[in-house]
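> Turn this into a model:
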Amino acid sequence: LLQLVYLSFTAPRMDQNAFESYKSRTKAALANQEANPQIALSDSLQKAMYMNHPRALRVKADMIDKIDYKRIMEMYKDRFKDAGDFTFLFVGNITLDEAKPLIETYLGGLPTIHRTENFRDTKMDIRKGKYTNVFSKKLETPLASVLIIASGKCEYTLKNDVLMSFLTQSLDKVYLESVREKEGGSYGVSVYGQLSRYPNDDEAFLQIYFDTDPAKREKMTQIIMNELQKIAQDGPAAEHINKTKEFMLKKHTEQMKENGYWLNILNQYYWYKADMDSNFQQVVESITPEDVKQFAKALLEQNNCIEVSMTSGETKESFLPMLFTIIRRNEKLAAKRSPMFDKNRFAKFLIYFMVAYWAALLLLMGVTLPSAFESAAPSMEPYHILNQGLIYVLITDFLVRFVIQTATSHEIKPYLLMPVKKKKLIETLLLQSA
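Next up is the predicted model:
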């Protein structure tokens, strides 16, 4: 491993064939990417956040041919010709006596020119103030995707990092109850938060994302913002705080046994000049609902909020008929994936044959029975005689369905997370199976 590190610094080599292969694969992937509707949302988000900053532009297929391989190698060699300001981290089962000679040989022998460098501010700052962009995009299935970002100045400390975790986990619990379970408005709401230090001031970044029915977009967005404001005004529930504490302390105990955790802690210590481990347990145990309230309040009072929404523009009413298509398609897929598919094909052929047989038989009966009824009961109309026996036909149909047909309560489970009320799902399934 150390030999490879040494060679990466001192003997990088060009491989034109590998580069051309990379270009071909990348162009194909980027071209296919254009068909993904989420790319439109991503592009709009980058534009909203960074206002067309050149470093935030998405790489497109037509840009790949503009890559200058020689220039890339020049930049690479310039970056790696001075190992004097590199920090190498080793985590895991390492014996110092065995590792030290290798480190001295392969890392100690790396080139240095002792240059002094610092961050260059490229002015790639997140947009300040309030910004909203709601746009329509034709989608195969009616859907609205909403992404909300709140940002602002926030000191990069262990306590603030922990408070961000408490805020995001409290919002997770609140949105599960209000948006998913109560309103049935989304599969789930994703909440993510982080702190950053470079290149300038320390900042906090809170992101909320969810998909919903286009007809519910405005209402769900309002609920999302109301719940966030509620935590900033009243603080999270004590129950949520206690559950978060229990989860974070348990997770921390488990993570301390993993190399990845310590690599991250060391990286933050050397890169961000912050100790994010020593007092972790004490900080977590000290957090109160008031602390989370003040943290959320300080972030929201800076009034930096971006909302980007992509909607198909369809209404709820137009979505419901598509349930028939979705359910039917899923039934076909389930049948094909079944190990009994080949046998089921024969059974389906037999069913179609019997349907055709009974249709022909009923047609024949419809032609011949009226004359037979007139001969047997000349004082009664044929349909009166049929109606007398209709109740027995319905009872027989009910009993057959009761024994054979799959219960709707079992069929509905895979669709409960769809942005449609349970009542509508049940009605659709009943109509579809009728």
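
> Below-threshold pLDDT in this protein: ranges please.
Scanning the chain with the threshold set as pLDDT under 70 gives 313-348, 369-370, 373-374, 376-389, 401-434.

> how about the strands in it?
130-136, 144-153, 189-196, 203-212, 305-311 (DSSP state E).

> quick one, the first one and strand 305-311 angle?
Right, strand 130-136. With axes from the mean of the first three to the mean of the last three Cα atoms, to 10 degrees as the criterion, the two stretches strand 130-136 and strand 305-311 enclose an angle of 0 degrees.

> hey, C-alpha coordinates of strand 130-136 in CSV?
What follows is strand 130-136 as a C-alpha-only set of coordinates in CSV (Å, rounded to 0.1, in the frame of the first residue of the first chain):
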residue,chain,number,x,y,z
LYS,A,130,-35.8,33.7,0.5
TYR,A,131,-36.2,32.1,-2.9
THR,A,132,-38.9,29.9,-4.4
ASN,A,133,-39.0,28.1,-7.7
VAL,A,134,-42.0,25.8,-8.6
PHE,A,135,-41.8,24.4,-12.1
SER,A,136,-43.7,21.8,-14.1
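
> Partner strands of that strand, with direction?
strand 305-311 (parallel) (DSSP bridges).

> Residue 161 is nearest to which of the strands of the chain?
Within the strands of the chain, the stretch nearest residue 161 is strand 189-196; the backing value is 5.5 Å (Cβ to Cβ). C-betas here are computed from N, CA, C, even on glycine.

> Quick check: buried residues in the closest one?
Using 16 or more other Cβ atoms under 10 Å as the test for burial, strand 189-196 gives 189, 191, 193, 195-196.

> Packing partners of it?
The helices and strands touching strand 189-196, judged by 3 or more Cβ pairs under 8 Å, 6 or more residues apart in numbering; DSSP states H and E, are helix 158-175, strand 203-212.

> hey, C-alpha coordinates of stretch 44-63 in PDB?
Backbone C-alpha positions of stretch 44-63 (Å, rounded to 0.1, in the frame of the first residue of the first chain) are rendered in PDB as follows:
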ATOM      1  CA  SER A  44     -32.800  23.800 -10.700                       C
ATOM      2  CA  LEU A  45     -31.600  23.300  -7.200                       C
ATOM      3  CA  GLN A  46     -28.000  24.100  -8.100                       C
ATOM      4  CA  LYS A  47     -29.100  27.200 -10.000                       C
ATOM      5  CA  ALA A  48     -31.200  28.300  -6.900                       C
ATOM      6  CA  MET A  49     -28.400  27.700  -4.500                       C
ATOM      7  CA  TYR A  50     -25.400  29.000  -6.400                       C
ATOM      8  CA  MET A  51     -26.900  31.200  -9.000                       C
ATOM      9  CA  ASN A  52     -25.200  29.600 -12.000                       C
ATOM     10  CA  HIS A  53     -21.700  29.600 -10.500                       C
ATOM     11  CA  PRO A  54     -19.400  27.900 -13.000                       C
ATOM     12  CA  ARG A  55     -18.200  25.500 -10.300                       C
ATOM     13  CA  ALA A  56     -21.700  24.300  -9.600                       C
ATOM     14  CA  LEU A  57     -22.700  23.500 -13.200                       C
ATOM     15  CA  ARG A  58     -23.500  19.900 -13.900                       C
ATOM     16  CA  VAL A  59     -21.100  18.000 -16.200                       C
ATOM     17  CA  LYS A  60     -22.900  17.100 -19.500                       C
ATOM     18  CA  ALA A  61     -22.000  14.700 -22.200                       C
ATOM     19  CA  ASP A  62     -20.900  17.400 -24.700                       C
ATOM     20  CA  MET A  63     -18.300  18.700 -22.200                       C
END
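
> Identify the residues contacting that stretch?
26-27, 30-31, 34, 39, 42-43, 122-127, 131, 133, 135, 147, 149, 306, 308, 310 (Cβ atoms under 8 Å, 6 or more residues apart in numbering).

> check contacts around the residue nearest the centre of the chain.
For the chain, the residue lying nearest the average C-alpha position, counting by Cα atoms, centre = their mean, turns out to be residue 190 (7.0 Å). The neighbourhood of residue 190, defined by Cβ under 8 Å, 6+ apart, consists of 207-210.

> 10 Å instead, please
If you count contacts by Cβ atoms under 10 Å, 6 or more residues apart in numbering, residue 190 has them with 147, 168, 172, 175, 207-211.

> now, the most widely separated pair of these?
With Cβ to Cβ as the measure, no two of those lie farther apart than 168 and 211, at 18.5 Å.

> do you know how far residue 94 is from residue 2?
Residue 94 sits at a distance of 12 Å from residue 2 (criterion: Cβ to Cβ, to the nearest Å).

> Give me the more crowded residue out of these two.
A side-by-side neighbour count of residue 94 and residue 2, using other Cβ atoms under 10 Å, places residue 2 first with 13 against 10.

> That one - nearest residue in space that isn't next to it in sequence?
residue 106 (3.9 Å; Cβ to Cβ, 6 or more residues apart in numbering).

> Then residue 132?
Residue 132's closest residue in space is residue 307 (Cβ to Cβ, 6+ apart), at 4.7 Å.

> Which residue ranges of the stretch 251-400 of the chain form helices?
Shown for the stretch 251-400 of the chain, the helices assigned by DSSP state H, counting those that start in this stretch span residues 259-271, 280-286, 289-300, 316-319, 321-337, 341-376, 382-404.

> hmm, who's touching the second one?
With Cβ under 10 Å, 6+ apart as the contact definition, helix 280-286 has outside contacts at 157-163, 165-166, 244-249, 252-253, 255-256, 265, 276, 279.
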